[in-house]
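> This is the structure alone, sequence omitted:
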């Protein structure tokens, strides 16, 4: 099993937001996590990647057999965890090339590998840029600075492709994307899929799931996963909203 | 406490000796300088312009001066280490305040009429030019160290570039502090560019011995009509160095001046820059970087005087302060009555890496013309936490992420530097500085913890 979350409680500024999450993701699977606003979706992804503002109060997370919560954010990244940010951050003065080269070589260093040779690096950049149709000119620009919304999200998937994570969390990757950009992004994600890699898609809406087909769909509500089912659940949520799932959960008296 | 009295006494007791070690115009101004110091005293904390740097106190120790011009046996070969790779310069030295040539500079043939050499010698060989410029910009009645410097300065550097002459090769002046005992050094640099003349000058300030130093430095630069001057001032001294420096720049019509001030490593530094537009159509680019830690202190004061119309001034100063370091920036832009179509922009941005680091910033705009474009901005903050986390998520360790963000922050200023090899060099030096590898700076053995 790639990821195992057991009874995860976490919050921010002393306020508990996740109230006992249980989730298992196997290699090769695509999981969608859906839920209304404020249900804890972003908290969950931030906790998993080790954002320093969030505190874990209870529970356990193992990632490829290792204790994920004991690792720093950068160690989690080196171990193969990636998050595509809902709001990718602009870093003035740090060029894309420098940024991604540093990221890759730090990972290789952590794994005891030699730094990538410049020619290999350039070849890899070209190959991965093509995957998300990101123009070469972006490589000389500062990270995300002056990028459009779509370009920022494509850049996230480009970085994902460069870093070759085993588990990718796509946090609201569809927000702010027009349909063409959405297709490019989804296409990139699909082409990176393999039996060894898994994806957690966090989204409000069904539309990204038309392109990235989930194997399992979870509904997150008030910090708990209240329903888990197959891909048909996403369609049903699209048509009927969340109220019926919430009612079903409340009626069950849990 | 009036710390100037000691210096007035030293001056009166050694007047003959001082004059003997100097010449012409330098000696001619000493009486006036003495009068100014007696009237105005040294610049102290009670003055608004010196609120954050109590320069007068720096004069409290009974500093020794080399007024009798003893040979200090400075090993000039030492200084070759601080040259800028890929930048072929003509290299000159001021060992304390004593002028010296490098071998290459000695052999180089400069264009006709160009003078690069000892200010004392220039006072004898080019008396008319020195007399008509020396001390004419440095206002000894303004709070500062012009008076005390003028009283004691015996030598320094003179650069004269006649009308229409372009010096292709950048000049580099390495100033070396070197003394077996604590010492005060009074340096003087005079730059006169004729019409259409061009000069690039890199000033590198180093300290070779580990004792305490107090340096006073006055730079007067005259940019003739249509001339171009690039002036780079790079300080890499040590924690026991006190430096107070005043730069005066006078720009005639259609001249272009870039003046950049970089404090990479120091003790306590006060730089004042007085820049005046006296002819229309001129541009000034004024930039600064300070990377300081421990108890280091940097105070940059700039005063840009738009006296005439159609001139542009752009200022960008950035500081990164670590540990208990403190910094100050005061930037005044004066747009006088009638200085229409002035364009002026001033920016000062600062990052305090610790809660103990302190930064004081004070932008001042005074505008008496109505058809101008002027703006200013100042910020004091921390490294961007969001950017830091984003980088860590991608696998860049926190320490490295901080480094990259600091480098990017000052990189904006380095990007303004016209001299490309210097840009590359500065990027490398700043990186080393942030990695803590420059606490012993490259040019000098003597940096202290």
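That came through, no problem. Predicted, not measured: the structure shown is a model, and the values here were computed from it.
> which residues sit in contact with the residue in the stretch 151-254 of chain A that chain B sits nearest to?
The stretch 151-254 of chain A approaches chain B most closely through residue A:159 (6.3 Å), counting by Cβ to the nearest Cβ. All C-beta spots, glycine's among them, are computed from the backbone N, C-alpha and C. For residue A:159, the set of contacting residues under the criterion of Cβ atoms under 8 Å, 6 or more residues apart in numbering or on different chains consists of A:82, A:100, A:103, B:394.
> Next: residue A:133.
Residues A:154, A:184 are the ones in contact with residue A:133 under the rule Cβ under 8 Å, 6+ apart.
> Try it again at 6 Å.
Contact criterion Cβ atoms under 6 Å, 6 or more residues apart in numbering or on different chains gives residue A:184 as the residues in contact with residue A:133.
> Next, it: secondary structure please.
Classification of residue A:133 by DSSP: H, G, I helix; E, B strand; the rest coil places it in coil.
> and it, what pLDDT?
At residue A:133, the predicted lDDT confidence score is 90.
> any idea how far it lies from chain B?
Note on residue A:133: its distance to chain B, by Cβ to the nearest Cβ, to the nearest Å, is 21 Å.
> Look up how far residue B:204 lies from that residue.
Distance, residue A:133 to residue B:204, by Cβ to Cβ, to the nearest Å: 48 Å.
> Residue A:151 too?
From residue A:151 across to residue B:204, the span is 43 Å (Cβ to Cβ).
> So which residues on the stretch 151-254 of chain A come close to chain B?
Where proximity means Cβ under 6 Å from any Cβ of the partner chain, the stretch 151-254 of chain A presents no interface facing chain B.
> which intervals of the stretch 151-254 of chain A have sub-threshold pLDDT?
Applying pLDDT under 70 to the stretch 151-254 of chain A flags the ranges A:254.
> which residues of the chain fall in helices?
Here I'm looking at chain A. A:41-49, A:73-78, A:96-110, A:118-131, A:149-163, A:179-192, A:232-240, A:243-252 (DSSP state H).
> That was the other one, I meant chain B.
Applying DSSP H to chain B gives helices spanning B:4-20, B:24-28, B:30-40, B:55-58, B:76-79, B:103-107, B:119-125, B:127-133, B:146-152, B:385-393, B:398-414, B:420-434.
> Select, out of those, the one closest to chain A.
Each of these was scored for nearness to chain A using Cβ to the nearest Cβ, and the closest is helix B:398-414 (2.7 Å).
> Out of the helices of chain A, which is closest to residue B:281?
Set against residue B:281 and scored by Cβ to Cβ, the helices of chain A come closest in helix A:96-110, at 39.0 Å.
> coming back round to it: mind giving me JSON lines with the helices of chain A and columns for distance to residue B:348?
Supplementary listing: the helices of chain A in JSON lines, determined by distance: least, Cβ to Cβ, whole Å:
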{"stretch": "helix A:41-49", "distance to residue B:348": "34"}
{"stretch": "helix A:73-78", "distance to residue B:348": "32"}
{"stretch": "helix A:96-110", "distance to residue B:348": "26"}
{"stretch": "helix A:118-131", "distance to residue B:348": "37"}
{"stretch": "helix A:149-163", "distance to residue B:348": "30"}
{"stretch": "helix A:179-192", "distance to residue B:348": "39"}
{"stretch": "helix A:232-240", "distance to residue B:348": "52"}
{"stretch": "helix A:243-252", "distance to residue B:348": "53"}
